[in-house]
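Participant: got a predicted model here, sequence first, then my questions.
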Amino acid sequence: MTDSYFITGTDTGVGKTLVSCALLHAFAARGRKVIGMKPVAAGRENNKWMDVDLLMAASTVSAPSKLVNPYALIPPLAPHIAAARENIEIDLAVIQRSHAALQKNAELIIVEGTGGFLVPLNDKNDGADLARILNLPVILVVGLRLGCLNHALLTAQAIRASKLNLAGWVANAIDLPMPAQKENIKALEERLNCPLLGMIPFAKDMDLKNIAKLLDIQKLT
Ligand SMILES: Nc1ncnc2c1ncn2[C@@H]1O[C@H](COP(=O)(O)OP(=O)(O)OP(=O)(O)O)[C@@H](O)[C@H]1O
Ligand SMILES: [Mg+2]
């Protein structure tokens, strides 16, 4: 059986890729065959999609980039807008098939969402529909900054309203020390009703293997 987790965040740029890669390392350290997936990437830089490259580098098995990243959109825009600019419609069934194909070679897949949980993907579907069609437990990355309590609680509410399991959350210090960081983390521990897998400090050059050691994957529910 393949395990998969869907990684969402309180916003874009809050550390979903960093945490996804660290989780891949953490599971790999336990001997699992792991692979990352970024169903929809928007924003090409230097002819590549950074998240996809980072996830592939943190994976222990390889797969064609078309499966790892079925939708590679060039403009750095919200997915449905970027897709429209390229006359593409994001189709969740395509992503579902790619995920199923990856399951054949990996024991565990870390699926990184795009932006925040409810980001639209096409006229009808959003990130929640994607997590739901893949039927994955969700891990929430909270970018620690002013406003994150509201963003985290709203996201948790949306995850649970989608009837998905919020399997854990990660506190990620994306900025230099946030005032009252400890109190903010405590406030979320008291309210999110799922395990805090770890706290990642603000650290520009920390090795992913060391970040992985900060995440307690045994706490995943
Ligand atoms: N704890 C941290 N300390 C220092 N820098 C960090 C930390 N977490 C993330 N970053 C940096 O912040 C930037 C955004 O992180 P990341 O790309 O993981 O976010 P994301 O949520 O995946 O963004 P996107 O929505 O674009 O996929 C990256 O440059 C990353 O290296
Ligand atoms: Mg990312």
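Facilitator: Structure received. Residues are numbered from 1 along each chain as shown. Ligands and ions are numbered 1, 2, ... in the order given.
Participant: CA atoms for contacts and neighbours, from now on please.
Facilitator: OK.
Participant: just for this protein, where's the confidence low?
Facilitator: Counting by pLDDT under 70, the chain contains low-confidence residues at 1-2.
Participant: so where do the helices sit in it?
Facilitator: Taking DSSP state H to define them, one finds helices in the chain at 16-28, 50-57, 65-68, 79-85, 92-103, 127-134, 148-161, 181-191, 208-213.
Participant: and of those helices, who's closest to ligand 1?
Facilitator: Using CA to the nearest ligand atom as the criterion, the shortest distance between ligand 1 and the helices of the chain is 3.7 Å, found for helix 16-28.
Participant: quick check: angle from the closest one to helix 50-57?
Facilitator: Computed by axes from the mean of the first three to the mean of the last three CA atoms, to 10 degrees, the angle separating helix 16-28 from helix 50-57 equals 10 degrees.
Participant: what's helix 16-28 packed up against?
Facilitator: Secondary structure elements in contact with helix 16-28, counted by 3 or more CA pairs under 8 Å, 6 or more residues apart in numbering; DSSP states H and E, are strand 3-9, strand 34-37, helix 50-57, strand 108-112, helix 208-213.
Participant: hmm, who's touching it?
Facilitator: Contacts with helix 16-28, where a contact means CA atoms under 8 Å, 6 or more residues apart in numbering, come from 7-9, 34-36, 51, 54-55, 58-60, 110-113, 141, 170, 208-209, 211-213, 215, 217.
Participant: what about that helix, near ligand 1?
Facilitator: Yes: between helix 16-28 and ligand 1, judged by CA under 6 Å from any ligand atom, the touching residues are 16-18.
Participant: any idea how many residues pack against Thr17?
Facilitator: Neighbouring residues of Thr17 were enumerated by other CA atoms under 10 Å; the total is 26.
Participant: related to what we said a few turns ago, okay if I get the helices of the chain as JSON lines plus distance to Phe117?
Facilitator: Formatted as JSON lines, the entries for these read as follows, by distance: least, CA to CA, whole Å:
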{"stretch": "helix 16-28", "distance to Phe117": "11"}
{"stretch": "helix 50-57", "distance to Phe117": "17"}
{"stretch": "helix 65-68", "distance to Phe117": "19"}
{"stretch": "helix 79-85", "distance to Phe117": "12"}
{"stretch": "helix 92-103", "distance to Phe117": "15"}
{"stretch": "helix 127-134", "distance to Phe117": "5"}
{"stretch": "helix 148-161", "distance to Phe117": "7"}
{"stretch": "helix 181-191", "distance to Phe117": "18"}
{"stretch": "helix 208-213", "distance to Phe117": "23"}
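Participant: just say which of those helices is most tucked in.
Facilitator: Highest mean neighbour count among those (mean count of other CA atoms under 10 Å): helix 16-28, with a mean of 25.
Participant: distance to ligand 1 for the helices and strands packed on helix 16-28 - can I get that in TSV?
Facilitator: As requested, the helices and strands packed on helix 16-28 are arranged in TSV below (distance: least, CA to the nearest ligand atom, whole Å):
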stretch	distance to ligand 1
strand 3-9	6
strand 34-37	12
helix 50-57	6
strand 108-112	8
helix 208-213	9
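Participant: could these go into a markdown table alongside distance to Ala83?
Facilitator: Output for those, formatted as a markdown table (distance: least, CA to CA, whole Å):
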| stretch | distance to Ala83 |
| --- | --- |
| strand 3-9 | 20 |
| strand 34-37 | 18 |
| helix 50-57 | 17 |
| strand 108-112 | 18 |
| helix 208-213 | 31 |
